[in-house]
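Trainee: Give the three-dimensional model of this entry:
(2 chains)
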2 protein chains.
Amino acid sequence: MRERILDKAQELFFRYGVKSVTMDDIARELGISKKTIYQHFEDKNAIVYAGVEHHFACDRTIAEQMQNEAPDPIAEMVMTSEMMRQTMAGMNPTAIFDIKKYYPQAWDLFSKYKKEFILEMVKKNLLKGIEMGLYRSTVNVDILSRLRLEQVEMGLDPYLFPLGQFNPLDTQLELLDHFLRGIVTIEGLNLYEKYITKQLSTPISTMAFFSQKNTY
Amino acid sequence: MRERILDKAQELFFRYGVKSVTMDDIARELGISKKTIYQHFEDKNAIVYAGVEHHFACDRTIAEQMQNEAPDPIAEMVMTSEMMRQTMAGMNPTAIFDIKKYYPQAWDLFSKYKKEFILEMVKKNLLKGIEMGLYRSTVNVDILSRLRLEQVEMGLDPYLFPLGQFNPLDTQLELLDHFLRGIVTIEGLNLYEKYITKQLSTPISTMAFFSQKNTY
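Mentor: Numbers count the residues shown, from 1 in each chain, chains lettered A, B, ... in the order given. Next up, the predicted model:
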């Protein structure tokens, strides 16, 4: 039941934002009583926290799988952008802003996740790309991995990118595209452009996208 | 006298940081009484605020001059990095962190300056570069001008780039280099690399650096 409540809550949060979804809404949608929910979660705060925790756990598994399966670090970055596209396409951007504004404990999980997990993933990616000659050997891994980390958060900042003016997904994709172009060698750029041409011709594709090994 | 106090205060702040310089230090260095200082400034807070204000006014004049004199937008960016190099080389990085931490009103000037002036300068630079074929036509000017803005501040964030581990000048230069590489066309890249090769061979050069029009 705990799992079902979390799944439904996440679905509703994604669709309507976090603030506007009540415990009553979650109970009604599941056809259960609020009392049942309170047997598993102390309050809505606890649901949001557990939901974010669960989301990052999944995200982490997928990211590690991508790092293992991607034929090269550029493919991994393109797969990451594809994953973002899929996650964010169906998401009401208010959800993220609500968490940032009203659920600081859950938001702290994001900071922790960034520092402990994403930073290491990005560093590994950069080192491998340099080793393979796809990224410039002059890339400063410590500085640019932190830049990438900040970019992810920056794109979610409604003061910098007001919602009425920017679509958070477009922002994330533009930042990632710029990040990659800033680090690649000519060889890496050619590979990247090959990937995105392919990606654009098969919109919202799956991870199978890269499963056939490329013959470059 | 007001001007002399400001100049001396700025010199001391740059050398020792802001927090550790007292009104007594400023008076002693100028060979005047503290009473004289208080005739011009209510307290140290007022000196810091006026100092930052003065600094940005100069900065703005130089930046506008560079935008007018630079033969192209890439040269303008390289000149900006040269200016940063000269400003920051002699600066104790604690100065910036002290202002951020202890003088929030003066720090607010920085945010204001960023939004009202730097953002417009960067946008103009990007549009001109696209027009000249030096930057990709696919560059999203609104998103990437904001990225550049955030990069400037990010490089000054001691939580993200701890002082013991990073030199703020190196960080700023790496971020600017990456920013440019992320937006250039092949033509722009060639021009950029020509400039930095020249720059590296004439370290800490002056603005005269670009005064002879390039013949590309």
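Trainee: Dump the host helix or strand of residue A:179 to PDB, keeping only the CA atoms.
Mentor: For residue A:179, the host element (DSSP states H and E) is helix A:168-183. Coordinates of each C-alpha in helix A:168-183 appear next as PDB, following Å, rounded to 0.1, in the frame of the first residue of the first chain:
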ATOM      1  CA  PRO A 168      12.200  24.300 -18.100                       C
ATOM      2  CA  LEU A 169      12.800  21.300 -20.500                       C
ATOM      3  CA  ASP A 170      14.000  23.600 -23.300                       C
ATOM      4  CA  THR A 171      16.300  25.300 -20.800                       C
ATOM      5  CA  GLN A 172      17.800  22.000 -19.600                       C
ATOM      6  CA  LEU A 173      18.400  20.800 -23.100                       C
ATOM      7  CA  GLU A 174      20.000  24.000 -24.300                       C
ATOM      8  CA  LEU A 175      22.300  24.000 -21.300                       C
ATOM      9  CA  LEU A 176      23.300  20.400 -21.800                       C
ATOM     10  CA  ASP A 177      23.900  21.000 -25.500                       C
ATOM     11  CA  HIS A 178      26.000  24.000 -24.800                       C
ATOM     12  CA  PHE A 179      27.900  22.100 -22.100                       C
ATOM     13  CA  LEU A 180      28.800  19.300 -24.500                       C
ATOM     14  CA  ARG A 181      29.800  21.700 -27.300                       C
ATOM     15  CA  GLY A 182      32.100  23.500 -24.900                       C
ATOM     16  CA  ILE A 183      34.100  20.400 -24.100                       C
END
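Trainee: and the angle for it with helix B:168-183?
Mentor: 100 degrees (axes from the mean of the first three to the mean of the last three C-alpha atoms, to 10 degrees).
Trainee: The residue in chain A positioned nearest to chain B: neighbour count?
Mentor: Residue nearest to chain B within chain A (C-beta to the nearest C-beta): residue A:182, separated by 3.3 Å. Any C-beta I mention is one placed from the backbone N, CA and C, and that applies to glycine too. Neighbourhood size, residue A:182 [other C-beta atoms under 10 Å in any protein chain shown]: 21.
Trainee: Which neighbouring elements make contact with the helix holding residue A:179?
Mentor: Here helix A:168-183 touches helix A:73-89, helix A:141-154, helix A:186-201, helix B:141-154, helix B:168-183, going by 3 or more C-beta pairs under 8 Å, 6 or more residues apart in numbering or on different chains; DSSP states H and E.
Trainee: Flag every residue of chain A that's near chain B.
Mentor: Selection of chain A residues close to chain B by C-beta under 8 Å from any C-beta of the partner chain yields A:136, A:140, A:142-144, A:146-147, A:149-151, A:154, A:160-161, A:165-166, A:170-171, A:174-175, A:178-183.
Trainee: Residue A:27 is in contact with residue A:36, isn't it?
Mentor: Yes: here residue A:27 reaches residue A:36: they are 7.3 Å apart, a contact under C-beta atoms under 8 Å.
Trainee: neighbour-wise, which of these two wins?
Mentor: residue A:27 (18 against 12).
Trainee: so who does residue A:47 touch?
Mentor: Going by C-beta atoms under 8 Å, 6 or more residues apart in numbering or on different chains, residue A:47 touches A:5, A:6, A:9, A:26, A:37, A:41.
Trainee: Hmm, the fifth one is touching residue A:24, no?
Mentor: No: here residue A:37 does not reach residue A:24: they are 9.6 Å apart, not a contact under C-beta under 8 Å.
Trainee: burial of residue A:91, as a residue count?
Mentor: 16.
Trainee: mind checking how far it is from residue A:84?
Mentor: 10 Å (C-beta to C-beta, to the nearest Å).
Trainee: More neighbours: residue A:37 and residue A:24, which one.
Mentor: When residue A:37 and residue A:24 are compared on other C-beta under 10 Å, the one with more neighbours turns out to be residue A:37, at 23 against 10.
Trainee: Would you mind putting the helices and strands packed on helix A:168-183 into a markdown table with mean pLDDT and distance to residue B:109 alongside?
Mentor: Converted to a markdown table, those look like this (pLDDT from 0 to 100; distance: least, C-beta to C-beta, whole Å):
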| stretch | mean pLDDT | distance to residue B:109 |
| --- | --- | --- |
| helix A:73-89 | 86 | 35 |
| helix A:141-154 | 92 | 22 |
| helix A:186-201 | 87 | 40 |
| helix B:141-154 | 92 | 13 |
| helix B:168-183 | 93 | 19 |
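Trainee: Using JSON lines, please lay out those helices together with distance to residue B:117.
Mentor: Converted to JSON lines, these look like this (distance: least, C-beta to C-beta, whole Å):
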{"stretch": "helix A:73-89", "distance to residue B:117": "32"}
{"stretch": "helix A:141-154", "distance to residue B:117": "20"}
{"stretch": "helix A:186-201", "distance to residue B:117": "33"}
{"stretch": "helix B:141-154", "distance to residue B:117": "10"}
{"stretch": "helix B:168-183", "distance to residue B:117": "17"}
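Trainee: Out of these, which is closest to residue B:97?
Mentor: Proximity to residue B:97, assessed across the helices and strands packed on helix A:168-183 by C-beta to C-beta, is greatest for helix B:168-183 (9.1 Å).
Trainee: What is the neighbour count of residue A:70?
Mentor: Using other C-beta under 10 Å: residue A:70 sits among 19 other residues.
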